[in-house]
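Q: Have a look; sequence and predicted model below, questions after that.
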Amino acid sequence: MIAADSTLTPGRTPSVSELQAALLAARRGHPATLNAAPAAAASPQRPEAAAPRGTGAWLLGTHGGSGARCLAAVLPGTRLAGNTWPTPTDGREPVVLVCRGNHRGLSSAQDYARTYRDSGLAGQLQLVGVIVSADAPGRTPTPLRRLERLLSGAVPILGHAPWEPTWRIAPPRAGAEDQPLPWAARLGDALAAVAALAA
């Protein structure tokens with residue numbers, strides 16, 4: 001674990017425990033710091049995941065209906081990658097997996113985490129965590145909480161997006177971050193902390 005005021009070596013990949021410690025420090029109001037690393041050369045873009053203008057963490061939905069599109073509308077500083085790994089345009093960019101909090105969603109996030117681990121993606125992208133979107137109102141059943149714990153052993157769970165009944169009728173409009181939901185501000189702070197640590 002790292003202290004909240006520790007400084008990591010630029011260019012070195014933070015471990016899961018370091019990212020979790022930074023996330024915990026950010027929740028307590030003591031973000032970790034990281035020396036700025038030199039920018040890497042831009043990589044060619046793939047048409048299916050071309051980077052939009054702007055910066056920030058990519059939100060990658062691990063399955064259809066993950067909630068990534070809705071979260072991208074309410075979390076400032078994020079970009080939607082769809083369900084394909086993005087091609088970075090400015091060095092090693094942060095990616096956050098988004099899944100529903102059901103068996104299908106949590107299992108698909110595990111599959112994406114394995115793909116990241118077993119492929120050459122780590123040289124181009126930095127997988128910093130996962131956001132779990134509620135699939136129904138109410139408490140998460142015990143078997144799904146166990147699956148979440150298994151997933152958190154592979155990649156930090158940055159937070160949970162609660163059930164939003166209005167999103168069943170229509171997705172949040174673009175620019176919805178102007179009127180943030182209470183939980184979105186906390187999730188945005190966690191994203192900013194881990195993205196800065198992984199930069």
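A: Looks like it came in fine.
Q: Could you report the distance from residue 136 to residue 120?
A: Distance of residue 136 to residue 120, given as C-beta to C-beta, to the nearest Å: 37 Å. The C-beta positions use only the backbone N, C-alpha and C, and glycine is treated the same way.
Q: more neighbours, these two?
A: residue 136 (11 against 7; other C-beta atoms under 10 Å).
Q: Contacts only, for the nearest residue to the more buried one once chain neighbours are set aside.
A: Excluding its sequence neighbours, the residue lying closest to residue 136 (C-beta to C-beta, 6 or more residues apart in numbering) is residue 163, at 6.2 Å. If you count contacts by C-beta atoms under 8 Å, 6 or more residues apart in numbering, residue 163 has them with 134, 135, 136, 137, 138.
Q: All the helices of the protein, residue numbers only.
A: For the chain, helices defined by DSSP state H occupy the ranges 16-27, 68-74, 103-118, 142-152, 166-169, 182-198.
Q: Let me know which of these is tucked in deepest.
A: helix 68-74 (a mean of 22; mean count of other C-beta atoms under 10 Å).
Q: just checking, what packs against that helix?
A: Under the contact criterion of 3 or more C-beta pairs under 8 Å, 6 or more residues apart in numbering; DSSP states H and E, helix 68-74 touches strand 57-61, strand 78-82, strand 125-133.
Q: Report the angle between the last one and strand 78-82.
A: Put plainly, it is strand 125-133. Using axes from the mean of the first three to the mean of the last three C-alpha atoms, to 10 degrees, the inter-axis angle of strand 125-133 relative to strand 78-82 is 90 degrees.
Q: what's strand 125-133 packed up against?
A: helix 16-27, strand 57-61, helix 68-74, strand 93-100, helix 103-118, strand 157-161, helix 182-198.
Q: Now do the same for that strand: mean pLDDT, whole number.
A: Mean pLDDT, strand 125-133: 93.
Q: In that strand, which of the residues would be classed as buried?
A: Judged by neighbour count using 16 or more other C-beta atoms under 10 Å, the buried positions of strand 125-133 are 125, 126, 127, 128, 129, 130, 131, 132, 133.
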